[in-house]
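*Asks:* Have a look at this fold, sequence not included:
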Ligand SMILES: [Zn+2]
């Protein structure tokens, strides 16, 4: 059955504590969601802030949606306003979107306490607002705010609010678990009752405060919802909205419904990660379906079974959602697996017995020193490439120096890097935001003449972990740096008791890897390493 997907990442999602999108970001995300095959994209609340208003103005001129219906969000008219003079309702009409979602009160307690009006007045407000928008040719999605709490407090009244919206012409009645406190059993009981009372499209909008938002949304669909709302990556206020990525995957792969369809489903992972990048938030590795670790296997028993048949430890095939299986390089899975995988791709023959032993020895030694290779695909790839090409050397570092100065305008860092490459000595000085940035720029400057394409890669995340915390500021640290070339991302790692040196080591690995990739395209190596380490 076709289930309509309604994405509210750009509205409810932005109410998440660390989520913030510029108008440009929002336009790009809307385009991506359209490409993914989402049916409705809720762009914001034009009556509440100028940024959302600007979004709709620009969307009307710039967005070319091929499938999705852009939706503006707002509230029913204010109690004291006439509907045709209510600024919020006017802003909705002026936003020019084909669909509008408006929320109204379902809970008698809210009507009396928050709005301070009679229950009858509230029904009138709902009906008038819906009718007004219908008269303006809009598709109306009526969001019944606090529906499940309202139903529990006063079932008849909660149902009356839905009736008011439906008789006025609402196209979708969407039941909202606004506080996110309803458990799945109770939610389905209520949903089934509403389904019995109302024909037409019923929707579900859940929040994750009880950690069951996705389960609630899926259960509602099993009880007759054909319109489901959520946010990509589960962004949203407090504990987030229902994660639309998981909802879509579950509905398509487990229940056989159609949301975006099997073909577009394969772009789910890349869209989820793209949005995380624009939100400037690290993607949760353990995020179901689309996370980096969603199909990662580490334990030895799991690994050997998965290598025989992936269905042994995977609930769906990773490719169905555009993710991929990873086998982690770690103590647990046994280093023999490194060789096993190299062999599978015909690489172990290219490594001499000595080179192979040396590679394993290096991995062992690095892990002992505190390097974490399973989180640092880039460093692992470099190790494999170096083992394959022992003679390949791009440059030697002669010295580097970095200083940070604090002055009235804030702090800035200056780094000087001296290297020796094939064509002689190079030296460069660069200023950056912080020592790592200054060193990165300095080193790239040194290499830019010889390798002009070196600057396509940029740093996206930088993490420092103290390895032996008892030593205080003299403790050894591990620095993990994430890089991207806009197509894929990878990490490199450095360990030292000096945080600058650890960062420098991670930086050197990243630069050497870039040079390897630029000068020596070895598809087989990339494939083998990807099988181990990379997500999409
Ligand atoms: Zn919400």
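*Replies:* Done, it's in. Fair warning: this is a prediction, and the values are worked out from it, not measured in the lab.
*Asks:* Quick one: neighbours of residue 62, just the number.
*Replies:* By other Cβ atoms under 10 Å, 11 other residues sit near residue 62. Glycine gets a C-beta too; all of them are placed from N, C-alpha and C.
*Asks:* Is the closest residue to residue 434 other than its chain neighbours bridged to anything, and to what?
*Replies:* Leaving aside its sequence neighbours, residue 434 sits nearest to residue 413 (Cβ to Cβ, 6 or more residues apart in numbering; 5.5 Å). Beta-bridge partners of residue 413, counted by DSSP bridges, are residue 404, residue 432.
*Asks:* what sits against residue 413?
*Replies:* Neighbour list for residue 413: 402, 403, 404, 405, 431, 432, 433, 434, 435, 437, 438 [criterion: Cβ atoms under 8 Å, 6 or more residues apart in numbering].
*Asks:* I'd say the fourth one and residue 435 touch.
*Replies:* It refers to residue 405. No - with contact defined as Cβ atoms under 8 Å, residue 405 does not reach residue 435; the gap is 11.1 Å.
*Asks:* Look at the two and report which has more neighbours.
*Replies:* Neighbours were counted for residue 405 and for residue 435 using other Cβ under 10 Å; residue 435 has more, 18 against 10.
*Asks:* now the stretch 351-500 of the chain, which segments are flagged as low pLDDT?
*Replies:* 374, 469, 471, 473-474 (pLDDT under 70).
*Asks:* As a check, name the ranges of all helices in it.
*Replies:* With DSSP state H, counting those that start in this stretch as the criterion, the stretch 351-500 of the chain has helices at 353-369, 377-388, 435-448, 499-519.
*Asks:* Sheet partners, orientation included, of the helix or strand hosting residue 103?
*Replies:* Assigned by DSSP states H and E, residue 103 belongs to strand 99-105. Strand 99-105 has these partner strands in its sheet, going by DSSP bridges: strand 69-75 (parallel), strand 139-145 (parallel).
*Asks:* If you tally nearby residues, what's the number for the nearest residue to residue 201 once chain neighbours are set aside?
*Replies:* Spatial nearest neighbour of residue 201, excluding adjacent residues (Cβ to Cβ, 6+ apart): residue 172 at 4.6 Å. Neighbour count for residue 172, taken as other Cβ under 10 Å: 24.
*Asks:* same deal with residue 324?
*Replies:* Neighbours of residue 324 under the rule other Cβ under 10 Å: 18.
*Asks:* Also residue 458?
*Replies:* Residue 458 has 11 neighbouring residues, counting by other Cβ under 10 Å.
*Asks:* give the contact list for residue 264.
*Replies:* 35, 36, 37.
*Asks:* Among these, which are located in helices?
*Replies:* Of the contacts of residue 264, the ones assigned to helices by DSSP state H are 35, 36.
*Asks:* Considering the contacts of residue 264, which possesses the most neighbours?
*Replies:* Tallying neighbours with other Cβ under 10 Å puts residue 36 at the head of these, with 26 neighbours.
*Asks:* what's the closest non-adjacent residue to that one?
*Replies:* Spatial nearest neighbour of residue 36, chain neighbours left out: residue 271 (4.8 Å); criterion: Cβ to Cβ, 6+ apart.
*Asks:* Am I right that the one you found is in a strand?
*Replies:* No - under DSSP: H, G, I helix; E, B strand; the rest coil, residue 271 falls outside any strand and is assigned helix.
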